[in-house]
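Student: Quick one, what's the 3D model for this:
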Amino acid sequence: MRHDDGGWSNYRPSKSLWAWSVVGASALTMALGFTWGGWTTSGRAAVMTDIAVRNAKADLVAGICVHNFVTASDAQENLKALQAKSSWQRDDFITDGGWTNIAGIDGTITNAADACADQLVKMKELPQSGGDAAVTDS
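Tutor: All right, here's what the predicted structure looks like:
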């Protein structure tokens, strides 16, 4: 029995068909890689890094802010005043109170006052341990 029936085994594509197949496969691979494969450009990676650094700074300063707020002598009254504020006034209350001020850091850290206010508003009551315990609920 002879298997030389002119099927796929005898098919020989032209060089231009091979070239276009490689170009098409490359384009498809890149399209899938950048959309679903998790690939990223260096520019996008830099933006993602900047966002991660900004969020980490905000989380750190918010934790310090909560500590400063809780250990203040009038913390209970301040917490009641903070909870009475509307959500868009809380970050101003925190900033004006100076709880986000950190020695050695000039200016404000973006989103730190918001994160601090959010953590404080979630507290049912202030810790009574004199500030030695963890004060965040994260």
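Student: give me the low-pLDDT residue ranges for this protein?
Tutor: 1-6, 129-138 (pLDDT under 70).
Student: Okay, the residue positioned nearest the centre of the chain and Asn111: tell me how far apart.
Tutor: Centroid-nearest residue in the chain, with C-alpha atoms, centre = their mean: Ala52, separated by 5.2 Å. Ala52 is 13 Å from Asn111, where distance means C-beta to C-beta, to the nearest Å. Quick note: C-beta positions are derived from backbone N, CA and C, even for glycine.
Student: list the contacts for Ala62?
Tutor: By C-beta atoms under 8 Å, 6 or more residues apart in numbering, the contact set of Ala62 is 100, 112-113, 115-116, 119, 136.
Student: Which of these sits closest to Trp18?
Tutor: Ala115 (56.7 Å; C-beta to C-beta).
Student: Output the longest helix belonging to the chain.
Tutor: helix 42-71 (DSSP state H).
Student: Show me how far that one is from its chain's centre.
Tutor: For helix 42-71, the separation from the chain centroid amounts to 9 Å (computed by C-alpha atoms, centre = their mean, to the nearest Å).
Student: just to revisit the earlier point, against Met30, how distant is the residue nearest to the centre of the chain?
Tutor: According to C-beta to C-beta, Ala52 stands 26 Å off from Met30.
Student: again with Trp88
Tutor: 44 Å.
Student: Please identify the helix or strand for the closest residue to Ile64 other than its chain neighbours.
Tutor: Of all residues not flanking Ile64 in the chain, Ile102 sits nearest, at 6.0 Å (C-beta to C-beta, 6 or more residues apart in numbering). Ile102 belongs to no helix or strand when elements are defined using DSSP states H and E.
Student: Looks like Ile94 contacts Lys85 (just checking).
Tutor: No: judged on C-beta atoms under 8 Å, Ile94 makes no contact with Lys85 at a distance of 9.6 Å.
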